[in-house]
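In: fold the stuff below for me.
(chains A and B)
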Amino acid sequence: MKIASFNINGIKARLSALTDWLDEAQPDVALLQEIKTVDEGFPRETFEERGYNVETHGQKGFNGVAILSKLPLEDVTRGLPGDDEDDHARWIEATVVGARSSIRLCGLYLPNGNPAPGPKYDYKLAWMKRQKARAAELLATEEPFLMAGDYNVIPQDEDAKRPEAWAKDALALPQSRAAFRELLSMGFTEAFRTRVAGPGHYTFWDYQAGAWNRDDGIRIDHFLLSPQAADHLVDVGIDKDIRGREKPSDHVPVWVELDL
DNA sequence: ATGTCGTAACGTTTACGA
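Out: Okay, the predicted model is just below:
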């Protein structure tokens, strides 16, 4: 089962780029972030025509997450638990039914947090604390699950071309990295880093200042696998070439292959 | 040199979020 994550930065502007990639990469499941539309504005027919089931958790103008799946989706829930005041659409869960077994999927768009310090950074850290709480609940089930999406966290200096440029940014501040490590130390496997070591692997290049042409990127889109999911990991990848196409997102797809 | 996008809104331009 090939499961991908892709921050598309606006479904209206990205429709052809997204469908071109889907047709080539053929993921069984795609977790999407920043759809930037309400549920009614999501062009679900475009994906249903390709055999995908579609579940969205949208919002007007910004944020918004979705799941496309060629396999059946069950028990869909929307929103990260733990704060009734939080109206940002950044979390969606569903159970996908594979040929031999099922897996719970959490698609996430973690808050950016800039400028830091400030209320937006406080929101980011509080959100990560809530994610930890939800992760603990799911770990207790001992069923396979994963949490994938745009984490807006650069885990280590090797995950940026110019780490010094990000040192005071909410994506790389020590508290952000510590919160990410706290998640990992609960028992998760960060899929990409179990397979690929060293610098030079990025998932985001800013639109500004020719970042793509200079390969001035950062790695902020991640798959965290529960122990029972990590047992089934077969392969990982970053579809880097997508960033060089017409009207690209500033992120590229990342994916895992699981033998489920 | 404050550099680019996407989205929304009393909109041919500005504000916000990234």
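In: what sits closest to A:L71 if chain neighbours are left out?
Out: Spatial nearest neighbour of A:L71, excluding adjacent residues (Cβ to Cβ, 6 or more residues apart in numbering): A:V96 at 5.1 Å. C-beta coordinates here come from the backbone N, C-alpha and C atoms, glycine included.
In: element containing A:W21?
Out: helix A:11-25 (DSSP states H and E).
In: show me how far that helix is from its chain's centre.
Out: Put simply, helix A:11-25 sits 16 Å off its chain's centre (Cα atoms, centre = their mean, to the nearest Å).
In: after the strand or helix carrying A:A135, next one along is what?
Out: Secondary structure from DSSP H and E places A:A135 in helix A:119-141. Sequence-wise, the next helix or strand downstream of helix A:119-141 (DSSP H and E) is strand A:145-150.
In: that next one vs DNA strand B: in contact?
Out: No. Using Cβ under 7 Å from any atom of the strand, strand A:145-150 stays clear of DNA strand B, with a minimum separation of 7.8 Å.
In: tell me the angle of that strand relative to helix A:119-141?
Out: With axes from the mean of the first three to the mean of the last three Cα atoms, to 10 degrees applied, the angle from strand A:145-150 to helix A:119-141 works out at 160 degrees.
In: what comes into contact with strand A:145-150?
Out: Outside strand A:145-150, the residues that touch it by Cβ atoms under 8 Å, 6 or more residues apart in numbering are A:3, A:5, A:7, A:31, A:33-34, A:65, A:103-110, A:131, A:135, A:138, A:188, A:220-226, A:228-229, A:251, A:254, A:256.
In: mark which of those residues are buried, thanks.
Out: A:3, A:5, A:7, A:31, A:33-34, A:65, A:103-110, A:131, A:135, A:138, A:188, A:220-226, A:228-229, A:251, A:254, A:256 (16 or more other Cβ atoms under 10 Å).
In: tell me which of these fall in helices.
Out: A:131, A:135, A:138, A:228-229 (DSSP state H).
In: pLDDT and distance to A:R243 added to the residues you listed, as CSV?
Out: Shown next, in CSV, are those (pLDDT from 0 to 100; distance: Cβ to Cβ, whole Å):
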residue, pLDDT, distance to A:R243
A:Q131, 98, 27
A:A135, 98, 30
A:L138, 98, 32
A:Q228, 98, 33
A:A229, 98, 27
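In: enumerate the residues of the stretch 101-250 of chain A near DNA strand B.
Out: A:111-112, A:114, A:120, A:207-210, A:247.
In: of those residues - the most surrounded one?
Out: Highest neighbour count within those, by other Cβ atoms under 10 Å: A:P111, with 21 neighbours.
In: which non-adjacent residue is nearest that residue?
Out: A:K124 (4.2 Å).
In: same thing with A:K168?
Out: A:A116 (7.5 Å).
In: the one you found: neighbour count?
Out: 19.
In: before we move on, what about the one 5 residues further on?
Out: For A:Y121, the tally of surrounding residues (other Cβ under 10 Å) stands at 19.
In: doesn't A:N112 make contact with it?
Out: No. Using Cβ atoms under 8 Å as the test, A:Y121 is too far from A:N112 to be in contact (9.2 Å).
In: which neighbours do the two share?
Out: Contacts common to A:Y121 and A:N112, judged by Cβ under 8 Å, 6+ apart, are A:A170.
In: hang on, the earlier thing: mind checking which of the buried ones among the contacts of strand A:145-150 land in strands?
Out: Among the buried ones among the contacts of strand A:145-150, DSSP state E puts A:3, A:5, A:7, A:31, A:33, A:65, A:103-109, A:221-225, A:254, A:256 in strands.
In: which residue does chain A have closest to DNA strand B?
Out: A:G10 (2.3 Å; Cβ to the nearest atom of the strand).
In: backbone dihedrals for the closest residue to that residue other than its chain neighbours, please?
Out: Spatial nearest neighbour of A:G10, excluding adjacent residues (Cβ to Cβ, 6+ apart): A:K36 at 4.4 Å. Dihedral pair for A:K36: phi 50, psi 40, per degrees, to the nearest 10.
In: all set, thanks.
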